[in-house]
Each structure stands twice: as C-alpha cells, then as structure tokens.
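Enquirer: Quick one, structure for this:
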Amino acid sequence: MVFALAERNGVTLPWPSVEVLTELRNFTNLQSFLDLYYQAMVVLRTREDFFDLACAYLERAHADGVRHAEIFFDPQVHLDNGVPFADVLGGLRDALTAAESAHGITGGLIMCVLRDRGPEAAAHMLQLAEPYADQLLGLGMDSSEIGFPPEPFAAVFARAAELGLRRVAHVGEEGPPEYIWGALNTLGIERVDHGVRCIEDPMLTTYLAEHHIPLTVCPLSNVRLKGVPTMADHPLARLLDLGLAVTVNSDDPAYFGGYLSANFTGAVDALSLTDAQVVKLCRNSIEASFASPARQAELLSCLPA
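Expert: The predicted model follows:
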C-alpha cells in the first residue's frame with residue numbers, strides 16, 4: 001500500500017522496492033521503527049488515502065474475528081505533511097462507518113499526541129481538534145518514550161477530560177514503571193497502552209490489579225522492538241496470574257509481523273496459555289473497551305461461560 005499510494009500521489013520514496021522496505025523491518029528499538037514509520041506516512045495525502053488505508057485494516061481485522069476496534073492515529077505528522085486535519089479524521093471515520101455497515105464492526109478513533117514534540121505542540125493539536133471532539137473517542141500519547149515522562153502533559157489531558165474524551169497513554173513499553181505511575185497520577189489515564197514494564201514494580205502491579213486498570217499488551221511488537229528477547233520471555237502470563245486486566249492487541253501489524261490472531265496464537269503457543277486464559281483475555285478486552293454497556297454485553301454474550 002505504501003508503494004501504491006506513492007504512485008497515486010506522485011510521491012518519491014527512498015526505497016527502490018517493496019522487498020527493500022520489508023527488509024528494513026528488523027528493528028532494534030522503538031525509535032528505529034518510528035524513523036521508518038514516519039517516512040512511510042508521507043504517502044498519505046488525501047481523505048481517500050486515509051479511507052483506503054483504514055478500510056484495508058478493518059477488512060483484515062474482520063478476517064481475524066475483530067468485532068470492535070479502537071484505532072490510534074497521529075495527526076501531527078500528517079499536518080506537517082500538509083494534510084488538513086478534517087481530511088485525516090474524515091477518511092478514517094468514513095472507513096469505520098463502512099466497516100460497521102459491511103461487517104458489524106464498532107469502534108472509534110483515539111487521537112494521539114507525540115511525546116517528543118512536547119506539551120505545547122500537544123496542546124495546540126488538541127485545540128485544533130476541539131471542533132471535532134464529538135467525532136473522537138479519546139486522546140492518547142505515543143511516539144518516543146525514553147526521556148519523555150508524562151507529567152508535562154497534565155494540562156493537555158485535563159483539557160481532554162473537559163471535552164469528554166477518554167484518556168490513554170503509551171507508557172511502560174520502553175520507559176520505566178515510573179512513567180506508568182506518572183501517567184496514572186497526573187494524566188488520569190483510564191487504560192495503560194503496553195505497560196509491560198509494570199512487572200518490575202510489585203506495588204504498581206498490585207495497584208493496577210486492585211483498581212482494574214487495563215493494559216493493552218502487544219506481544220509481537222514487544223518482541224520485534226526488543227522489549228523482550230522472545231515470546232517465551234513475555235510477561236503476559238505472569239501479569240494474568242497477578243490478576244491484572246491484560247488484553248491482547250495488534251500494534252502497527254504490517255510492521256510488527258502480525259495482526260490480532262497472530263498475537264494471540266504466538267502468545268498461546270509460546271506461553272502455553274489455557275483455553276480459560278484465552279477466554280479471560282477476550283473478556284478483559286471487551287470490558288476494557290470504551291464500547292457502550294449494551295455493546296459490551298452483546299460481545300460478552302459471544303464468549304464461553
């Protein structure tokens with residue numbers, strides 16, 4: 001799709017072929033992925049591009065059994081590339097509408113601000129998005145983590161709360177457990193994206209379990225970005241045993257080697273998860289979602305008792 005959109009929009013890519021781009025997915029850390037990710041995003045130029053991209057994802061997700069999808073997007077990068085926010089949001093929302101009609105998939109969009117650009121840029125992005133707040137599900141925070149603690153973004157997330165947006169943040173992926181504490185205490189997040197390094201802090205895992213704060217864990221991404229050496233070393237099963245509301249998710253699946261089913265099967269095979277644990281992971285995902293109570297009940301009814 002990167003090459004197809006580049007041709008459609010007259011964009012010159014730095015890679016001669018799909019094969020060369022594919023080879024570059026041997027990442028060493030989060031930043032090595034982000035460098036490639038931001039380069040590839042330049043091919044997205046129009047509302048139609050965002051519609052086609054999201055439709056392709058949602059078709060693939062549907063094939064994996066996804067019935068509710070809460071999708072992150074990074075508008076600051078697209079604005080830098082000259083794409084109006086309304087076109088980014090409109091194309092993505094059009095795709096969600098089409099997927100609900102065609103496949104019954106529900107969901108929404110979580111607008112992320114980029115940590116490495118600082119709180120002022122984040123506040124400006126949220127201000128630009130305010131007229132569209134009713135079309136957004138929530139506010140998130142992503143991009144480079146090391147060296148960018150969450151506390152400086154407290155005012156941005158407070159404003160998001162005033163706008164009625166749900167709040168989440170990528171923390172504890174590469175950053176230390178202190179970043180998770182900071183996001184909980186100063187940003188008021190309702191869900192921890194990634195969060196796998198919480199396993200290093202027993203007080204934190206106890207807090208997360210007692211307060212039923214979900215973790216959106218992405219096993220294949222953690223392995224591909226060297227957060228854990230192998231899937232067999234992944235803390236997912238230990239976090240489940242500690243009573244945390246762990247969920248399994250895909251993270252930039254085209255880059256990290258698998259959509260949702262591949263993340264599930266990889267974890268099941270490597271960690272010898274039981275059927276009961278898999279059902280628990282599915283139940284956690286539904287209960288951790290921002291779907292309406294009625295939609296949650298509908299999805300929960302599909303699970304084994």
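
Enquirer: Just give the number of residues close to G82.
Expert: A total of 8 residues lie near G82 under the criterion other CB atoms under 10 Å. For the C-beta atoms, the positions are set from N, CA and C on the backbone; glycine is no exception.

Enquirer: Next up, the contacts around the closest residue to it other than its chain neighbours.
Expert: In space, and not counting its chain neighbours, G82 is closest to R45: 7.8 Å by CB to CB, 6 or more residues apart in numbering. Contacts for R45 (CB atoms under 8 Å, 6 or more residues apart in numbering) come out as 5, 9, 11, 81-83.

Enquirer: now those: which count as buried?
Expert: Neighbour-count burial within the contacts of R45 applies to 5, 83; the criterion is 16 or more other CB atoms under 10 Å.

Enquirer: Out of the contacts of R45, the closest to A98 would be?
Expert: L5 (18.3 Å; CB to CB).

Enquirer: what helix or strand does the closest one sit in?
Expert: helix 2-9 (DSSP states H and E).

Enquirer: H62: which of the contacts of R45 is nearest?
Expert: Closest to H62, out of all of these and judged by CB to CB, is L5, at 21.6 Å.

Enquirer: measure the nearest residue to L36 once chain neighbours are set aside to F3 for me?
Expert: Nearest in space to L36, with sequence neighbours left out and distances taken as CB to CB, 6+ apart, is L24 at 5.7 Å. According to CB to CB, to the nearest Å, L24 and F3 sit 14 Å apart.

Enquirer: rewinding a little: look up phi and psi at the residue nearest to G82.
Expert: Here is the backbone geometry of R45 (degrees, to the nearest 10): phi -120, psi -20.

Enquirer: One more: L139?
Expert: phi -120, psi 130.

Enquirer: Not counting its neighbours along the chain, what's nearest it?
Expert: A160 (4.0 Å).

Enquirer: neighbours around the one you found, how many?
Expert: So A160, with other CB under 10 Å, has 26 neighbours.

Enquirer: The helix or strand containing it: how far from the chain's middle?
Expert: Assigning secondary structure by DSSP H and E places A160 in helix 154-162. Here the centre of helix 154-162 is set off from its chain's centre by 20 Å, with CA atoms, centre = their mean, to the nearest Å.

Enquirer: what's downstream of it, the next helix or strand?
Expert: For helix 154-162, the following helix or strand on the C-terminal side (DSSP H and E) is strand 166-171.

Enquirer: Could you check the angle that next one makes with helix 154-162?
Expert: Put simply, strand 166-171 runs at 150 degrees to helix 154-162, going by axes from the mean of the first three to the mean of the last three CA atoms, to 10 degrees.

Enquirer: Relative to the whole chain's centre, how far out is strand 166-171?
Expert: Between the centre of strand 166-171 and the centre of its chain there are 9 Å (CA atoms, centre = their mean).

Enquirer: and if you look at stretch 106-116?
Expert: Averaging C-alpha coordinates over stretch 106-116 and over its chain gives two centres that are 8 Å apart (CA atoms, centre = their mean).

Enquirer: so how many other residues sit close to the residue lying closest to A209 once chain neighbours are set aside?
Expert: Of all residues not flanking A209 in the chain, G243 sits nearest, at 4.1 Å (CB to CB, 6+ apart). Residues lying near G243 (other CB under 10 Å) number 13.

Enquirer: cool, and E19?
Expert: As a burial measure, E19 scores 8 neighbours (other CB under 10 Å).

Enquirer: Give the buried residues for whichever strand or helix holds it.
Expert: Using DSSP H and E, the element containing E19 is helix 18-23. Within helix 18-23, the residues scored as buried using 16+ other CB under 10 Å are L21.

Enquirer: try stretch 169-187
Expert: Buried, per 16+ other CB under 10 Å, within stretch 169-187: 169-184, 186-187.

Enquirer: Would you point out the most distant pair within the contacts of R45?
Expert: Longest span within those, CB to CB: L5 and G82, 14.8 Å.

Enquirer: What lies in contact with the longest helix seen in the chain?
Expert: With secondary structure taken from DSSP state H, the chain has its longest helix at helix 85-103. With CB under 8 Å, 6+ apart as the contact definition, helix 85-103 has outside contacts at 44, 46-55, 57-59, 62, 69, 71, 73, 75, 78-79, 105-109, 128-129, 132, 135-136.

Enquirer: Quick check on the residues you listed: which are buried?
Expert: 44, 46-55, 57-58, 62, 69, 71, 73, 75, 78, 105-109, 129, 136.

Enquirer: Now do the same for the one helix or strand T216 maps to: mean pLDDT, whole number.
Expert: Here T216 sits within strand 215-217, counting by DSSP H and E. Average pLDDT, strand 215-217: 98.
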